[in-house]
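Asks: next one to model:
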Amino acid sequence: MMILVTGGAGYIGSHTCIALLEAGHTVIVADNLCNSKVETIDKIKQITNREIIFYHIDVTDQTAVDTIFLNHSIDGIIHFAALKAVGESVEEPLNYYCNNIVGTLILAKACEKFGVKRFVFSSSATVYGENEVPFVETMKLQPTTNPYGETKAMSERILTDIAKVNQEFSVSILRYFNPVGAHESGLIGEVPNGIPSNLMPYVTQVAKGKIKHLRVFGDDYSTLDGTGIRDYIHVMDLAEGHVAALNKLKAGVHVYNLGTGEGTSVLELIKAFEKANGVEIPFEIVDRRQGDIAECYADVSKAKQELNWTVKRGLVEMCRDAWRFEKNYRASDMLIKH
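Replies: Down below sits the predicted model:
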């Protein structure tokens, strides 16, 4: 199939492009490069020895989106393109609502206009809010802890309502947890702008000496060691989950958690990284970050049963691959001071 991947130069999108190409699909990427680099497209080509069609556009631009659909016979969309930092969404809610909701609306309109029936949506475990863990797909959504989560929940509702009146529209909503790691080649991985908001790239930059120490946001949660617990998943396992969802698409809306089903605390991840890579990660405990919750991990039985998908890589591979990419990455080594 010919698949349009929005945000395909980004962290999760780029790894999903690799998985799609390796599965035999043709890939078109649309990305505004606000949180990614065009060089990533060349690296995907290098890894897969396949070509990619690239459009430097913003998916909130309806004319630009329509141009892609006019130029190509699109079979399906995997929609990643969105602002994604929880903390930033609390500080800049209007930007998040405008960008994330409008992008979904315009892509959905294009699907309706050009007869595209397959839509895979990149959602988030954030939509579960402070439900009891493990999170199950049938839970009532409570994404009120931050605007980012609200934009994902609203997009889910938009796609669900469209599918109710368009019975041929096939939607797979993938709620995933904390992607970490990198492609085993070390050529692509997570490259955040400025100081990372996600834990693993923060850890790797501390290991490399770009940042003096890791800030751990809170050690007074009701968890085993007081630090937040998350379900970390290798980004290539996550990418392969998107291909599985695309291949299994059928009419209606289908929601899946993509995770390992196990929670790991911040301190446990630090220790695992140190052990896997033989490096020390100095850290300090600071105040909790607004919008964070204590625990977040998945019940992944539905994805296993219906998509025949399970993770293949563990915490060791996540830590090793993330560090391999960081060591290979040729970004500026200027020290970021706190």
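Asks: return the distance of the nearest residue to residue 308 once chain neighbours are set aside relative to residue 16.
Replies: What sits nearest to residue 308 in space, not counting adjacent residues and going by CB to CB, 6 or more residues apart in numbering, is residue 244, at 6.8 Å. C-beta: built from backbone N, CA, C; applies to glycine. Using CB to CB, to the nearest Å, we find residue 244 at a distance of 11 Å from residue 16.
Asks: quick one, helices of the stretch 151-300 of the chain?
Replies: Taking DSSP state H, counting those that start in this stretch, the helices of the stretch 151-300 of the chain run over residues 199-208, 235-247, 266-277.
Asks: who wins for proximity to residue 308 among these?
Replies: Proximity to residue 308 (CB to CB) singles out helix 235-247 among these, at 6.8 Å.
Asks: so, low pLDDT: which residues of the stretch 101-250 of the chain?
Replies: In the predicted model, the stretch 101-250 of the chain carries pLDDT under 70 at residues 143-144.
Asks: pretty sure residue 169 contacts residue 249?
Replies: No - in this structure, residue 169 is not within contact of residue 249 by CB atoms under 8 Å, at 10.1 Å.
Asks: neighbour count for those two, which is higher?
Replies: The residue with more neighbours, out of residue 169 and residue 249, is residue 169; 21 against 16, by other CB atoms under 10 Å.
Asks: how near is the closest residue to residue 250 other than its chain neighbours to residue 111?
Replies: Spatially, and ignoring its direct neighbours in sequence, residue 250 is nearest to residue 170 (5.8 Å; CB to CB, 6+ apart). Using CB to CB, residue 170 is found at 10 Å from residue 111.
Asks: between these two, which contacts overlap?
Replies: 117, 119 (CB atoms under 8 Å, 6 or more residues apart in numbering).
Asks: ok, the nearest residue to residue 61 once chain neighbours are set aside - contacts?
Replies: Leaving aside its chain neighbours, residue 61 sits nearest to residue 106 (7.7 Å; criterion: CB to CB, 6+ apart). Applying CB under 8 Å, 6+ apart, one finds that residue 106 lies in contact with 59, 60, 61, 62, 65.
Asks: torsion angles phi and psi at the third one?
Replies: To tie it back to what came earlier, the one meant is residue 61. Backbone torsions for residue 61, taken as degrees, to the nearest 10, come to phi -100, psi 100.
Asks: how near is it to residue 68?
Replies: Plainly put, residue 61 is 11 Å away from residue 68 if you go by CB to CB.
Asks: more neighbours, these two?
Replies: The neighbour count for residue 61 versus residue 68, taken as other CB under 10 Å, is higher for residue 68 (20 against 15).
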